[in-house]
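Visitor: okay, predicted coordinates and the sequence, questions at the end:
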Amino acid sequence: MPLGDFEREVLRLLASRRSPDSYVAGATVLHQRPDSPRSSEDVDIFHDEETAVAVAAEADLGTLQESGYTVEVGKPQPGFVRAFIRRGAQQTKVEWVCDSAFRFFPVEPDLELGWRLNFWDAATNKLLAFAARMKLRDYLDVMYLHERHLHVGALAWAAAGKDPGMNAEWIIDWGGRQARLKGQDASQLRLSEPIDFPALRHRWNQAADEALALIERLPVTERGCLYLNADGKPICPDPAAPGFARLTRHYGQVKGAWPRIVEESPTPAATAG
């Protein structure tokens, strides 16, 4: 289920104002894709520096007001501005936020959003949110990532590299403990299909068991990396597989970086004959 129509409308209007220093992030990035289980109900715009938040928010809000939207701005805080954007009966929430510049990949240009956080950074951020707060939407998003994109064990392993106070085991354990599956919470979400709560809990328990088993087998010295295949795509590693040593270990850094994938030259024996 892609982004809501009203969110897309607002994002298109603000896209020209986005840049590598003011980019769309959060669940908006995850739910651009048509196979997502829910539509995001708000928009997060990240900035690497606190001073950029107020400047970007003021410019964006001016653009919205000039375009006929009603804007209700909450009390600004250092590095944070929240506003409710309305037109008729439609409403969304936009938050301008200062966030760490430490990430796996650089931010990327996007035809729809202007500039956005890389999908894998949004995914690992979601794992950290999952471990830190009690939200049904995080539970659904993590299961979506696990079942459609990358095993939750590999995501938790990488996410731990973004927070020195966390490790992959804690992310899985705390996330599972925090999760509360409540019907009334689901009624507040825009879902592509109803939730089967017992089935969801069973799927999570299985995923968590697999994740902890994987984490136990991975080298502690490599904690915090994404494992990339020869095409530079994150995959779930198998430490017992012959090709495990050839996977690229991709770590986060300030502003992120594209991995340098080095193809091995064939040995003389391989080219003979």
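Guide: That came in fine, so what should we check first?

Visitor: least confident secondary structure element in this protein?
Guide: When each helix and strand of the chain is scored by mean pLDDT, DSSP states H and E, helix 268-271 comes last, with a mean of 42.

Visitor: ok, now which ones touch Thr122?
Guide: You called it Thr, but residue 122 is Ala. Going by CB atoms under 8 Å, 6 or more residues apart in numbering, Ala122 touches Ala25, Gly26, Ala27, Val29, Leu30. (Each C-beta comes from the backbone N, C-alpha and C, glycine too.)

Visitor: hang on, it in a strand?
Guide: No - counting by DSSP: H, G, I helix; E, B strand; the rest coil, one finds Ala122 to be helix, located in no strand.

Visitor: can you give me the distance of it to Ala101?
Guide: 15 Å (CB to CB, to the nearest Å).

Visitor: circling back: just put the contacts of Ala122 in JSON lines and tack on secondary structure, pLDDT and neighbour count.
Guide: Written out in JSON lines, the entries for these read as follows (DSSP: H, G, I helix; E, B strand; the rest coil; pLDDT from 0 to 100; neighbours: other CB atoms under 10 Å):
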{"residue": "Ala25", "secondary structure": "strand", "pLDDT": "96", "neighbour count": "25"}
{"residue": "Gly26", "secondary structure": "coil", "pLDDT": "92", "neighbour count": "22"}
{"residue": "Ala27", "secondary structure": "helix", "pLDDT": "88", "neighbour count": "24"}
{"residue": "Val29", "secondary structure": "helix", "pLDDT": "93", "neighbour count": "26"}
{"residue": "Leu30", "secondary structure": "helix", "pLDDT": "90", "neighbour count": "23"}
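
Visitor: surely Glu49 is in contact with Asp21?
Guide: Yes - under the criterion of CB atoms under 8 Å, Glu49 makes contact with Asp21 at 7.5 Å.

Visitor: for these two, indicate the residue with more neighbours.
Guide: More crowded of Glu49 and Asp21, by other CB atoms under 10 Å: Asp21, with 15 against 12.

Visitor: ok, the closest residue to that one other than its chain neighbours - contacts?
Guide: Closest residue to Asp21 apart from its sequence neighbours, by CB to CB, 6 or more residues apart in numbering: Ala52 at 5.8 Å. If you count contacts by CB under 8 Å, 6+ apart, Ala52 has them with Asp21, Ser22, Cys98.
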